[in-house]
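Enquirer: this one's sequence-less:
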């Protein structure tokens, strides 16, 4: 059996999200009204062997490779696959 | 008051996720064991005016701009911001 980690990486709230700004403008341009703000992030699913499936291990993966701790925040969920 | 839509865009399961494969190999290379599979996706947060905050409206945004319906699936949650 293995477990699935779901990781959400987001730009820190104080930073300008240029990609999100472009998407917001594009949504408005094609006719969607009421779009006040857009923030783009990454969503990562990792299947892990049982012995690797601890929150601290996955948080370590985020800190060392998956997220840039200078500019990004992350949160994670672990569940049975 | 506004509402927040959270959108998760993932590659269709039948497609090879080349970026995920690279990340899986990188995690293994820096010493993480038990990483069986990695899938990379997008995570998008949209703040919406109340009158725009319907599931059908956000699904329409996904189908028309945020996701590529040929290669990607999406799911969404709506909540009070």
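Expert: Sure thing, it's come through. This is a predicted model, so every value here is computed, not measured. Residues are numbered from 1 along each chain as shown, chains lettered A, B, ... in the order given.
Enquirer: which neighbouring elements make contact with the longest helix that chain A contains?
Expert: If you go by DSSP state H, chain A has its longest helix at helix A:18-29. Contacts defined by 3 or more CB pairs under 8 Å, 6 or more residues apart in numbering or on different chains; DSSP states H and E place helix A:18-29 against strand A:35-49. Placement of C-beta: from N, CA and C, glycine included.
Enquirer: which parts of the strand it packs on are buried?
Expert: For strand A:35-49, a neighbour-count test (16 or more other CB atoms under 10 Å in any protein chain shown) marks A:35, A:38-48 as buried.
Enquirer: ok, now which ones touch the residue of chain A most remote from its centre?
Expert: In chain A, counting by CA atoms, centre = their mean, residue A:31 sits farthest out from the average C-alpha position, at 27.2 Å. By CB atoms under 8 Å, 6 or more residues apart in numbering or on different chains, residue A:31 lies in contact with nothing.
Enquirer: how much space separates it from residue A:74?
Expert: 34 Å (CB to CB, to the nearest Å).
Enquirer: residues contacting the strand or helix carrying residue A:57, please?
Expert: In this assignment (DSSP states H and E), residue A:57 forms part of helix A:55-61. Here helix A:55-61 makes contact (CB under 8 Å, 6+ apart) with A:5, A:7, A:46, A:48, A:74, A:76, A:78, B:27, B:32.
Enquirer: let's go with 7 Å and repeat that
Expert: Identification of contacts with helix A:55-61 by CB atoms under 7 Å, 6 or more residues apart in numbering or on different chains yields A:5, A:7, A:76, A:78, B:27, B:32.
Enquirer: please apply the same query to stretch A:40-48.
Expert: Contact with stretch A:40-48 is made by A:2-11, A:17, A:19-20, A:23, A:66, A:81, B:8, B:10, B:34-44, as judged by CB under 7 Å, 6+ apart.
Enquirer: 6 Å instead?
Expert: A:2-10, A:19-20, A:81, B:8, B:34, B:36-41, B:43-44 (CB atoms under 6 Å, 6 or more residues apart in numbering or on different chains).
Enquirer: can you tell me the SS state at residue A:32?
Expert: State at residue A:32, reduced to three classes by DSSP: H, G, I helix; E, B strand; the rest coil: coil.
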